[in-house]
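K.L.:
After the sequence you'll find the predicted model.
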Amino acid sequence: MEAENGEARLASRRAGLTRIVTQKKSAAETVAVCHDDSTPPVKAQTIDELHSLQKKKSAPNTPRTARTPRQGQGAATFAVISEEDFQKLQLQSISASLASLTRETGPKVVKGDPARKVEGQRVAHSGHSIHETFDVSDSALKFTHVLYNLSPAELYEQAIRYEKGSFITASGALATLSGAKTGRSPRDRRVVKDETTEDELWWGKGSPNIEMDEHTFMVNRERAVDYLNSLEKVYVNDQFLNWDPEHRIKVRIVSARAYHSLFMHNMCIRPDAEELEEFGAPDFTIYNAGQFPCNRYTHYMTSSTSVDLNLARREMVILGTQYAGEMKKGLFSVMHYLMPQRHILSLHSGCNMGKGGDVALFFGLSGTGKTTLSTDHNRYLIGDDEHCWSENGVSNIEGGCYAKCIDLSKDKEPDIWNAIKFGTVLENVVFEEHTREVDYSDKGVTENTRAAYPIEYIPNAKIPCVGPHPKNVILLACDAFGVLPPVSKLSLAQTMYHFISGYTALVAGTEEGIKEPQATFSACFGAAFIMLHPTKYAAMLAEKMQKHGATGWLVNTGWSGGRYGSGNRIKLAYTRKIIDAIHSGTLLNANYVKTEVFGLEIPTEIDGVPSEILSPINTWSDKMAYNDTLLKLGGLFKKNFEVFANYKIGTDNNLTEEILAAGPTF
């Protein structure tokens, strides 16, 4: 043996090569042996094959199952299925979602990016024969590639590669453009009016629901589906709404843009791998055809944009607008319809929870400070915008936040600032070309710049986003007339009245620099999204507040000592002290006096707040001007409430009369 090794070494030297020779060792001994670091060549023949080795496929944690009815059993049971069969069922479900009037089975769909075609892809479709649809159109000869529940990183790649106007900013967020529409199109929003919705929904004066018929909806649906099927690829998101697992809704979003898919990935609740295994058919589907317009000559259409809801079919169609907020708010409207059917109150509000478990709801229109006041580092954030109040407590509807970005600064809004990082969608912002630093003060594209990010990006977010029943319901108003007190304790009827009114006041410029306050009313603090009559939501709110002992508060974050132009805005520090006193419960034990006209109960003192500002009349030097302004605002409230005054709740009109009596009297 020694002679053989010597000959080998000699032969090696003759060849001019160095060779390391090791003897075969036992498994226990091989650990300490030094080996040559040379390795076999990669198992790839092409660059594409080499790249494919980078990606490790994740395996499900549990056996794949399918819900199947067993013979002789009424209830469905679960059966373990193969990976191949599971993929086929999933593709069949997506194909069914994309079915049109002429193709009831849906198109042939295949998973994956068409830019990464692999051999054998032609047979990896939903199982429909090509010959089934030969007589429909040439589109039957193609596959619709489905990019299903892609991760943010994958969607970044798609957006930057294929969508003009998509860039990575310096903070890591994805900057995108929403096209010609940089906000919602409420006048182009339609709801199918049928035998059911005719009686259930709120129609007519003041209502956001503009009617359309079933036929027109199907025309628009066909147009959107045909457009999506004509594309080489579509993005499909299967996600949830409502963090309460007992009442969550399964939604499917089919869209033409990676930006829209990433937006909804952030805004909806993201299912884990096991939840996706059992997702099945969606409860509601969105068809977002984005830039593809509706036919403006179609009945009911007033422009090339149309956002249509069909509650019977559980479908939404978007044509002629790429503004992502239409999807978010469209689903919110759907929840405003579905949840009350389960005796659950849907709310356009912020919500946070103290460390002791006390929950507060914050209602308020734009500019009232809802986001600022509901964001409290001493409390947990349950959500910033959309919630449900059920028999289980409160729950966030969404899985993310959609924050305004105009004039955003790190000092004023550190949580939002820090949340704008990788995975966040930035809409219509302006950035420096070389550094990609965003200029949040630049309104060059639109004033309505937005950031959409997962709620986990907020440090004090409560995950899961659920909490016990609220103790306080806070209605925020920025009263530019300067006559509402900084805080008032409301009776149940007053809470309903001010909830239905949804008041704030804006400051609008007029000629020659004169600025006058303008009263704004939005029923339930979200009139654009509610589906039922406002009094129905108000009655549910009162019932839940009464059952769970919640207190209503009206907080004015606007002016004191005079209206806008003569008075001063109430200091944020004072408002925070007021909110702290509400949270702690100390404000319940304060001494109260009642105001004229509105009949509001106001405290005589609050720790950290000057007592003289608690009663508005004390801060006005011109008492007559105060009285005149107070009566003017009271008149605006009365005029706004006329549209609700004749609506009956229940079998009698007692509740409506009680709410009316809680309004201003003079």
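P.N.:
Yep, it's here.
K.L.:
who touches the residue most central in space within the chain in this structure?
P.N.:
Residue closest to the average C-alpha location in the chain (C-alpha atoms, centre = their mean): residue 267, at 4.0 Å. Residues near residue 267 by C-beta atoms under 8 Å, 6 or more residues apart in numbering: 327-328, 398-400, 402, 452. C-beta: built from backbone N, CA, C; applies to glycine.
K.L.:
what's the lengthiest helix in the chain packed up against?
P.N.:
Counting residues, the longest helix found in the chain (DSSP state H) is helix 623-645. In terms of contacts (3 or more C-beta pairs under 8 Å, 6 or more residues apart in numbering; DSSP states H and E), helix 623-645 is packed against helix 492-501, strand 515-521, helix 616-619, helix 654-661.
K.L.:
mind listing what's buried in the last one?
P.N.:
Spelled out, it's helix 654-661. Buried residues in helix 654-661, counted by 16 or more other C-beta atoms under 10 Å: 655-656, 658-660.
K.L.:
And the pLDDT at residue 299?
P.N.:
Per-residue pLDDT puts residue 299 at 88.
K.L.:
Just to be sure, it is in a helix?
P.N.:
No. Per DSSP: H, G, I helix; E, B strand; the rest coil, residue 299 lies outside any helix segment and is coil.
K.L.:
Go through the helices and strands packed on helix 623-645 and name the closest to residue 412.
P.N.:
Taking C-beta to C-beta, strand 515-521 is the member of the helices and strands packed on helix 623-645 nearest to residue 412, at 23.5 Å.
K.L.:
Show me what that closest one is packed up against.
P.N.:
Partner elements for strand 515-521 (3+ C-beta pairs under 8 Å, 6+ apart): strand 503-509, helix 623-645.
K.L.:
Please repeat the previous calculation with a cut-off of 10 Å.
P.N.:
Applying 3 or more C-beta pairs under 10 Å, 6 or more residues apart in numbering; DSSP states H and E, one finds that strand 515-521 contacts helix 492-501, strand 503-509, helix 623-645.
K.L.:
got the ones you listed as TSV, with distance to residue 262, mean pLDDT and mean neighbour count columns?
P.N.:
Below are the helices and strands packed on strand 515-521 laid out as TSV (distance: least, C-beta to C-beta, whole Å; pLDDT from 0 to 100; neighbours: other C-beta atoms under 10 Å):
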stretch	distance to residue 262	mean pLDDT	mean neighbour count
helix 492-501	35	97	24
strand 503-509	32	80	18
helix 623-645	39	95	16
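K.L.:
To residue 550, which of these lies closest?
P.N.:
With C-beta to C-beta, the closest approach to residue 550 among the helices and strands packed on strand 515-521 belongs to helix 492-501: 8.9 Å.
K.L.:
Point out the other helices and strands that the closest one packs with.
P.N.:
Judged by 3+ C-beta pairs under 10 Å, 6+ apart, the packing partners of helix 492-501 are strand 470-477, strand 487-490, strand 515-521, helix 534-548, strand 551-556, helix 623-645, helix 654-661.
K.L.:
quick one: contacts of the second one?
P.N.:
Read that as strand 487-490. By C-beta atoms under 10 Å, 6 or more residues apart in numbering, the residues outside strand 487-490 that reach it are 473-475, 494-499, 545, 551-556, 570, 574-575, 577-579, 581-582, 587-588, 590, 592, 594-595, 598-603, 606, 609, 614, 662.
K.L.:
By mean pLDDT, flag the weakest helix or strand of the chain.
P.N.:
Lowest on mean pLDDT, DSSP states H and E among the helices and strands of the chain sits helix 2-15, with a mean of 51.
K.L.:
State the distance from the residue nearest to residue 464 when sequence neighbours are not counted to residue 304.
P.N.:
Leaving aside its sequence neighbours, residue 464 sits nearest to residue 243 (C-beta to C-beta, 6 or more residues apart in numbering; 5.0 Å). Using C-beta to C-beta, to the nearest Å, residue 243 is found at 37 Å from residue 304.
K.L.:
Looking at these two, which one has more neighbours?
P.N.:
Higher neighbour count among residue 243 and residue 304: residue 243, with 25 against 15, using other C-beta atoms under 10 Å.
K.L.:
what about that one, which helix or strand?
P.N.:
Under DSSP states H and E, no helix or strand contains residue 243.
K.L.:
And it, how close does it get to residue 664?
P.N.:
Taking C-beta to C-beta, one finds residue 243 at 38 Å from residue 664.
K.L.:
Could you tell me how many residues sit around the residue lying closest to residue 301 once chain neighbours are set aside?
P.N.:
Distance criterion C-beta to C-beta, 6+ apart; nearest residue to residue 301, sequence neighbours excluded, is residue 294 at 5.6 Å. Neighbourhood size, residue 294 [other C-beta under 10 Å]: 27.
K.L.:
got a list of what residue 294 touches?
P.N.:
Listed by C-beta under 10 Å, 6+ apart, the contact set of residue 294 reads 188, 216, 219-220, 223-224, 300-308, 317-321.
K.L.:
Please identify the buried residues of stretch 405-419?
P.N.:
Of the residues in stretch 405-419, 405, 408, 413, 415-417, 419 count as buried by neighbour count, 16+ other C-beta under 10 Å.
K.L.:
Nearest residue to the residue nearest to the centre of the chain in space, please, no chain neighbours.
P.N.:
Leaving aside its sequence neighbours, residue 267 sits nearest to residue 400 (C-beta to C-beta, 6+ apart; 4.4 Å).
K.L.:
thought that neighbour was touching residue 264?
P.N.:
Yes. With contact defined as C-beta atoms under 10 Å, residue 400 counts as touching residue 264 (9.1 Å).
K.L.:
Mind checking which of those two has more residues around it?
P.N.:
Ranked by neighbour count (other C-beta under 10 Å), residue 400 and residue 264 place residue 400 first, with 30 against 26.
K.L.:
And the more buried one, how far from residue 536?
P.N.:
Distance from residue 400 to residue 536, by C-beta to C-beta: 28 Å.
K.L.:
repeat for residue 364
P.N.:
For residue 364 relative to residue 536 (C-beta to C-beta), the value is 21 Å.
K.L.:
Compare these two (neighbour count), which wins?
P.N.:
Using other C-beta under 10 Å, the more surrounded residue of residue 364 and residue 536 is residue 364, with 26 against 18.
K.L.:
How about the contacts made by the more buried one?
P.N.:
Residues near residue 364 by C-beta under 10 Å, 6+ apart: 348-350, 370-374, 474-478, 502-504, 525, 555, 557.
K.L.:
can you map out the strands along the stretch 101-250 of the chain?
P.N.:
109-111, 144-148, 167-168, 174-176, 189-192, 210-212, 233-241, 249-255 (DSSP state E, counting those that start in this stretch).
K.L.:
Columns distance to residue 626, mean neighbour count and mean pLDDT on top of those, output as CSV?
P.N.:
Converted to CSV, the strands of the stretch 101-250 of the chain look like this (distance: least, C-beta to C-beta, whole Å; neighbours: other C-beta atoms under 10 Å; pLDDT from 0 to 100):
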stretch, distance to residue 626, mean neighbour count, mean pLDDT
strand 109-111, 67, 21, 90
strand 144-148, 61, 21, 94
strand 167-168, 53, 15, 98
strand 174-176, 48, 25, 97
strand 189-192, 41, 22, 97
strand 210-212, 41, 18, 96
strand 233-241, 46, 24, 98
strand 249-255, 49, 22, 98
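K.L.:
To residue 312, which of those lies closest?
P.N.:
strand 189-192 (6.8 Å).
K.L.:
Output the contacting helices and strands for that closest one.
P.N.:
Here strand 189-192 touches strand 210-212, helix 214-230, strand 306-310, helix 325-341, going by 3+ C-beta pairs under 10 Å, 6+ apart.
K.L.:
Sheet-wise, list the partners of the following helix or strand past the third one with their directions.
P.N.:
Towards the C-terminus, the helix or strand next in line after strand 306-310, according to DSSP H and E, is strand 315-319. Taking DSSP bridges as the criterion, strand 315-319 forms sheet pairs with strand 284-288 (parallel), strand 306-310 (antiparallel).
K.L.:
Among these, show me which one is buried the most.
P.N.:
The highest mean neighbour count among the strands paired with strand 315-319, using mean count of other C-beta atoms under 10 Å, belongs to strand 306-310: a mean of 26.
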